[in-house]
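A.B. asks: fold the following for me, if possible:
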Amino acid sequence: MAAAGGVAAGGVAVWAVLRFGLLAWLGDKGSNARPIVEALSWLAGIGGLLVGVVALVVAVRQGRATAADASAAAEPVASQSASNQGVNITGGVSGGSGSGPTVGVNFGQVGGAPPDPPPPARE
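C.D. replies: Reported below is the predicted structural model:
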């Protein structure tokens, strides 16, 4: 609800500026306020650039600290069992599209290659 109020207030402000020409003095090269506004805009641009660089440095440092903490975690031990139905792996499985606990993975046939299919029937 507050966002809608802010958008409405912004719309009214833009309408007033356009309707009454409140910023027409910015186009006037003889205006005394124009150099002040230009100087402030340069300071704001440089300040914004500095804030962005500091934020990037902080984010990179936090990312390195998080990566170092994550690599120190112990890997879970997986156990395997085989039967006629395939191989079941219970435990942590890492790699592929994700990592984490996996239970009851069935890889299908284990061992030699499956038999060749019969040749096509001739008519």
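
A.B. asks: now for the longest helix seen in the chain, which elements pack on it?
C.D. replies: Identified as the longest helix of the chain according to DSSP state H is helix 34-71. Where contact means 3 or more CB pairs under 8 Å, 6 or more residues apart in numbering; DSSP states H and E, helix 34-71 is not packed against any helix or strand. For every residue, glycine as well, the C-beta is placed using N, CA and C.

A.B. asks: for that helix, give the mean pLDDT please.
C.D. replies: Mean per-residue pLDDT for helix 34-71: 87.

A.B. asks: could you do stretch 15-23 as well?
C.D. replies: Stretch 15-23 shows a mean pLDDT of 82.

A.B. asks: tell me the buried residues in stretch 20-29?
C.D. replies: Residues of stretch 20-29 include none that count as buried (16 or more other CB atoms under 10 Å).

A.B. asks: need the distance between the two termini of that stretch.
C.D. replies: Stretch 20-29 has an end-to-end distance of 20 Å (CA to CA, to the nearest Å).

A.B. asks: can you start the count at 26 instead of 1 from here on
C.D. replies: Will do, 26 is the new start, and the previous item becomes stretch 45-54.

A.B. asks: residues in contact with that stretch?
C.D. replies: 41, 42, 56, 58, 59, 62 (CB atoms under 8 Å, 6 or more residues apart in numbering).

A.B. asks: now name the helix or strand holding the second one.
C.D. replies: Right, residue 42. If you go by DSSP states H and E, residue 42 is part of helix 27-45.

A.B. asks: state the distance from residue 89 to residue 39.
C.D. replies: According to CB to CB, to the nearest Å, residue 89 and residue 39 sit 44 Å apart.

A.B. asks: sorry, slip of the keys, the one I care about is residue 78.
C.D. replies: Noted for residue 78: a distance of 31 Å to residue 39, by CB to CB.

A.B. asks: as CSV, the contacts of stretch 45-54 with neighbour count and distance to residue 71 would be great.
C.D. replies: What follows is those, written out as CSV (neighbours: other CB atoms under 10 Å; distance: CB to CB, whole Å):
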residue, neighbour count, distance to residue 71
41, 11, 30
42, 12, 26
56, 13, 23
58, 10, 20
59, 14, 19
62, 13, 15
